[in-house]
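*Asks:* sequence and predicted structure below; questions after.
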Amino acid sequence: MKSLEKKLFEKLAKKGWFTLAKIVCRFQLFSKKHLSEKQFDQYLTTLGPREVTLKLKNKTERQKRKLTSFNQDNLRKPTKKLKIAILLSGQPRSLENCIDSLQRFFYGHDVSYFCHSWQGQVLPKQLALLGKYQLVETESPDFSEYEYEAIKTFGIKKFGDGTKVPYVSPNVFPMWFGVQKAFQSIEEHNQKADDFDLICRMRYDNFWIGQFDCEDKILAENEVMIDHNYNGYGGYGDQFAIGKPQTMKIYCNLYDWLVTEFLKGESSERCFPEVMLKDYMTFSGLKVIQENFGLRLLRPEFVGLSAHKIPLRSHKASSERNANMAKYLAEKYPEFV
């Protein structure tokens, strides 16, 4: 996909002009015999599999596979059954509305779930819908020392309306702490990470339009596969990652780097979570493989929408997050406001 075309779709999505984005896609499908894989992924995201299937005449093998796995009326059987450990962490919002899509995503594989939660946040009856799961609950640690150091080192961002938030969101500390705890819970429940073919990290509110259709891809020890739909600012989305056990052990230990190397202030000045993840991957020597599995974050406002109508982003969620962060900053660290 040409950079101009990519920027056009990003602008349309940011403005919420999805109808216009669909018109652009339909025109391009009508005028082209072949699509690059990046173009195909964009059109599949915008129009859904039915329309792309009907209008795209010449398809690559990958494109045929994606159209099958994105069709909600189909269940694609994997060519190879894998043993996969899924690490769930974060806020347990929308979990009950995501479980069907999650089970469809890993259909045909032997899946075990290892869940982390802050004390009392996840209800066992929610997790019971997963089937085979283990839960570790912890009291939320005090991250004040690291929050303060991050604000002092990287500063405050001020928006046009006067809202002030830290460049480094305090949310990154509990998030990556929870990811690390979810990985550690494998051994805490008398199992070994190396007993699994793959280990997957994801959030409770991950909703999947497609299926995991890359079981034949042999990942090297230093390779991590992600879904590219939530990449931003030149970095990598941190909502999903999958790889071999020892590789994912490194990935899930980002928290240790965060509270040591990162706080030295020697990493990228762009402290977006996506860029922080990319900096850590580079620091750790991990290679990223990007794929499109149709990942969506199922915000409460999106519950009830059909799969292909769930937006990639919520402007409401972004506004609420900034407002909450500004309040947190003013109350806990008034000396920086």
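*Replies:* Noted; the coordinates are in hand.
*Asks:* neighbours around Phe173, how many?
*Replies:* By other Cβ atoms under 10 Å, the residues close to Phe173 number 21. (C-beta placed from N, C-alpha, C; glycine too.)
*Asks:* need the three-state assignment for it.
*Replies:* helix (DSSP: H, G, I helix; E, B strand; the rest coil).
*Asks:* mind listing what it touches?
*Replies:* Listed by Cβ atoms under 8 Å, 6 or more residues apart in numbering, the contact partners of Phe173 are 143, 146-147, 255, 258-259.
*Asks:* how about those, which pair is most distant?
*Replies:* The two members of the contacts of Phe173 with the most space between them (Cβ to Cβ) are Glu147 and Tyr255, at 13.8 Å.
*Asks:* quick check on Lys157: phi, psi?
*Replies:* phi -100, psi 130 (degrees, to the nearest 10).
*Asks:* how close does it sit to Glu149?
*Replies:* As judged by Cβ to Cβ, to the nearest Å, Lys157 and Glu149 stand 17 Å apart.
*Asks:* so when I look at Glu147, I'm seeing a strand, right?
*Replies:* No - assigned with three-state DSSP, Glu147 falls outside any strand and is helix.
*Asks:* burial count for it?
*Replies:* Quick note: Glu147 (other Cβ under 10 Å) scores 21 neighbours.
*Asks:* quick one: the strands in the chain, in order.
*Replies:* For the chain, the strands defined by DSSP state E occupy 83-89, 110-118, 133-138, 156-158, 164-166, 198-203, 206-208, 223-227, 240-243, 287-291, 295-297.
*Asks:* for Arg270, find the nearest of those strands.
*Replies:* strand 156-158 (11.0 Å).
*Asks:* ok, the closest one: who's next to it in the sheet?
*Replies:* strand 164-166 (antiparallel) (DSSP bridges).
*Asks:* now the strands of the chain in a markdown table, please, with extra columns for mean neighbour count, mean pLDDT and distance to Gln103.
*Replies:* Converted to a markdown table, the strands of the chain look like this (neighbours: other Cβ atoms under 10 Å; pLDDT from 0 to 100; distance: least, Cβ to Cβ, whole Å):
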| stretch | mean neighbour count | mean pLDDT | distance to Gln103 |
| --- | --- | --- | --- |
| strand 83-89 | 23 | 97 | 11 |
| strand 110-118 | 21 | 95 | 8 |
| strand 133-138 | 16 | 93 | 12 |
| strand 156-158 | 13 | 89 | 40 |
| strand 164-166 | 19 | 92 | 37 |
| strand 198-203 | 24 | 98 | 13 |
| strand 206-208 | 25 | 97 | 9 |
| strand 223-227 | 22 | 98 | 17 |
| strand 240-243 | 24 | 98 | 16 |
| strand 287-291 | 17 | 96 | 19 |
| strand 295-297 | 24 | 95 | 15 |
